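Student: this is a predicted model, with the sequence first.
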Amino acid sequence: MNSVSMLNDVAGAGVAVESIRKSYGTVVTAVDDVSLKVKPGEFVSILGPSGSGKTTLLMMIAGFERPTSGRLIIGDQDMTYTRPEKRGLGMVFQRYALFPHMSVADNIAYPLKRRGVSRAEIRQRVEAALKLISLDGLGTRMPTALSGGQQQRVAVARALVSQPPVMLMDEPLSALDKKLRDQMQLEIMRLHRTVGVTIIYVTHDQEEALSLSDRIVVMNRGRIEQVGTPDELYDEPASAFVADFIGRTSFLAATCLAVEGSNARMRVNDATEVIVPVSRCRDIVVGARVRIAVRPEALKLAVVGSAQLSGTLEGSRFVGSSELAFVRIANGELLQVQTEPGVSRKLQAGSPVGIMFDASRVSVFREGA
Amino acid sequence: MAARMTSTSTAGIYSPATALVLLLPLIALFCGAFLYPVGRLLAMAVFDPDFTVRHLAKAVESPLYVNVFLRTARIAAAVTLAAFALGYPVALLMSRLSGRAALFVTACVLVPLWTSVLVRSYAWIVLLQTNGLVNGLLRWLGLTEGPLKLLYTEATVLVAMTHVLLPYMILPIYGALRAIPADYERAARNLGAGAVTSFITVTLPLSLPGIFAGCLIVFILSLGFYITPALVGGPETLMAATLISQQATELLDWPFASALSLLLLAGTLVVVVVFRRFLSLSKGL
């Protein structure tokens, strides 16, 4: 563990983004009034589809883009317009950005040289860093002679060796294959735990965000849709976008008929009526068109007559520990239903099936919201 | 390199025989219009009609001719240096610009390239002659009494050649700079390097292949440059190509002209080999 303490004695710093906006010209607004507080030592992912502004936000935190307005505070300093080299942040790039004309050791030594660290100490710290990422002895290799996963680890070591209080990661695993990605996720989590650095991690991969983060910031069209723990985002999505973006979700069009005490009565599929707890609904008024978001595990296949909904089985897919049945209901919507392995695949495609759903586990949103 | 290999493999849809037939016109042209005449010319240097080194010896032993070669090498080196010093910033600017500004700078670099060397050289004469624009301006400003001798000096040859050859320096460097992902410089800045340090430690070394290519092209073109030095240079700035042309077309001493050509070609090849060695050393970059 000595090698770890060599890497980081500095505790992670907090990052506060205050009403930051970035527009290009008058037409394009890449980031629109975003505020966010990252606690010291926290692992926060910024998740969103491409074009959601997540990378622009990261570039502004790193100092490569100037915000049009707003403030950025790192630790206790206003760094809104501080030059990138003066911010003292670590960063891991999508394609690693290891300097191809320098050896692995020289790459890792680069930030130390810039800070005027003595030669002897540089050698020591580079060796410690190589040990931490289990690449000891490979310091003299050129980066191109390493595998993708190894290059990734070197990039992480290079970002961490100068003991930054905050590390920024821009889709660092997107260039790796699935198996390596899982392994690197574990390694990043281990580093985060041992080193204690604050990590801001940009990704478009919801699974990655769910498994790595303390909190996730979901962005869409330059704005924050929701900030929350992975559980909160999954169980209580704040918008239809978040419900759709995180995990598997089916949507049912419905009309809100009445609110009776803590329950709301809705008509689904123009025929069936269901009761949903009001706590699962977001700004619903009686008579409004709504969308009910349901996870596959909140749905169950059932006998046709006794079920709430009925439809036709279109097919099913084996997903390892369970199966997903795809059921088309009368109004044309396709629902994903989780079943025990072997259950749905025994049924013929085209056969009629019933669906029961667990109303306590759905989320209801206003149409168009 | 990888891209070239794939293109070779797609070319594999032609059978070798078809490929040969398709290449034949080019091979015939190359042999008949290039290899044969150049071979004949170079052979003249050492067969007159029997084998002799007389002409070569004349070129190497006379200080007059040795001086011409030395001057040629010196001017070529100076032009290369000047073109690099002027061209690198332009290439860097081009690689950083986008949109209309990039289009404008690129046009400024390319349009001279599409203009005849002859026109560009005459333009310098118009500017620098005794009653030319520069002298006129200097006199009007009262900076000089009489006209300065601006034409037919080594400095003029240097300036004009640098101007003419500048695009050949800019374009390869621009290509190398454009190929460097923006993330490298961002990484350097993020890791604590200021703009200047990140340029010196990352951008400059990564653009070395382009620098070598540009310098090689400019140096070699300068070694054999004919029109510009012939037009704006005088007798005291005689360069190799002009000397060869004099021997061949004015003095009709073809064997000696070909001996000089042989020496110039040999010198050029040596430069190419040396540069390639540098280039392959920097390949690891």
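Tutor: Done, it's in.
Student: what sits closest to A:G14 if chain neighbours are left out?
Tutor: The shortest distance from A:G14 to any non-neighbouring residue, by C-beta to C-beta, 6 or more residues apart in numbering or on different chains, is to A:P40 (4.7 Å). In short, each C-beta sits where N, CA and C put it, glycine included.
Student: go ahead and confirm that neighbour touches A:D214.
Tutor: No: counting by C-beta atoms under 8 Å, A:P40 sits too far from A:D214 to count as a contact (11.6 Å).
Student: in contact with the residue most central in space within chain B, which residues?
Tutor: Chain B has B:V218 as the residue nearest its centroid, 2.3 Å off, counting by C-alpha atoms, centre = their mean. B:V218 makes contacts with B:79-80, B:83-84, B:165, B:168-169, as judged by C-beta atoms under 8 Å, 6 or more residues apart in numbering or on different chains.
Student: now the element after the helix or strand where it lies, going C-ward?
Tutor: Using DSSP states H and E, B:V218 maps to helix B:208-223. Downstream of helix B:208-223, the next assigned helix or strand under DSSP H and E is helix B:227-232.
Student: what's that next one packed up against?
Tutor: Packing contacts for helix B:227-232, counted by 3 or more C-beta pairs under 8 Å, 6 or more residues apart in numbering or on different chains; DSSP states H and E, involve helix B:117-128, helix B:154-178, helix B:240-245.
Student: now for those, which one comes closest to chain A?
Tutor: Set against chain A and scored by C-beta to the nearest C-beta, the helices and strands packed on helix B:227-232 come closest in helix B:154-178, at 12.3 Å.
Student: just the CA coordinates of the helix or strand following that closest one, formatted as PDB?
Tutor: Sequence order places helix B:182-190 as the next helix or strand after helix B:154-178, per DSSP H and E. As requested, the backbone C-alpha atoms of helix B:182-190 are provided in PDB (Å, rounded to 0.1, in the frame of the first residue of the first chain):
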ATOM      1  CA  ALA B 182      -6.100  17.600 -30.500                       C
ATOM      2  CA  ASP B 183      -6.200  15.500 -27.400                       C
ATOM      3  CA  TYR B 184      -2.400  15.300 -27.200                       C
ATOM      4  CA  GLU B 185      -2.000  19.000 -26.700                       C
ATOM      5  CA  ARG B 186      -5.000  19.000 -24.300                       C
ATOM      6  CA  ALA B 187      -3.400  16.200 -22.400                       C
ATOM      7  CA  ALA B 188      -0.100  18.100 -22.200                       C
ATOM      8  CA  ARG B 189      -1.900  21.200 -21.000                       C
ATOM      9  CA  ASN B 190      -3.900  19.200 -18.500                       C
END
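Student: name the helices or strands packed onto helix B:182-190?
Tutor: When contacts are defined as 3+ C-beta pairs under 8 Å, 6+ apart, helix B:182-190 sits against strand A:90-92, helix B:195-198.
Student: give me the pLDDT for the residue nearest to the centre of chain B.
Tutor: We have a pLDDT of 95 for B:V218.
Student: which one of the helices and strands packed on helix B:227-232 lies nearest to A:R95?
Tutor: Among the helices and strands packed on helix B:227-232, helix B:154-178 comes nearest to A:R95, with 16.4 Å by C-beta to C-beta.
Student: up against chain A, what does chain B have?
Tutor: Residues of chain B lying close to chain A by C-beta under 8 Å from any C-beta of the partner chain are B:181, B:183-184, B:186-194, B:197-198, B:201-202, B:205-206, B:284-285.
Student: for ChimeraX, what selects the buried ones among those?
Tutor: Typed into ChimeraX, the next command selects the buried ones out of the residues of chain B next to chain A (criterion: 16 or more other C-beta atoms under 10 Å in any protein chain shown):
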select /B:183,184,186,187,188,189,190,191,192,193,198,201,202,205,206
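Student: coming back round to it: any of the contacts of B:V218 buried? List them.
Tutor: The neighbour count (16+ other C-beta under 10 Å) marks B:79-80, B:83-84, B:165, B:168-169 as buried among those.
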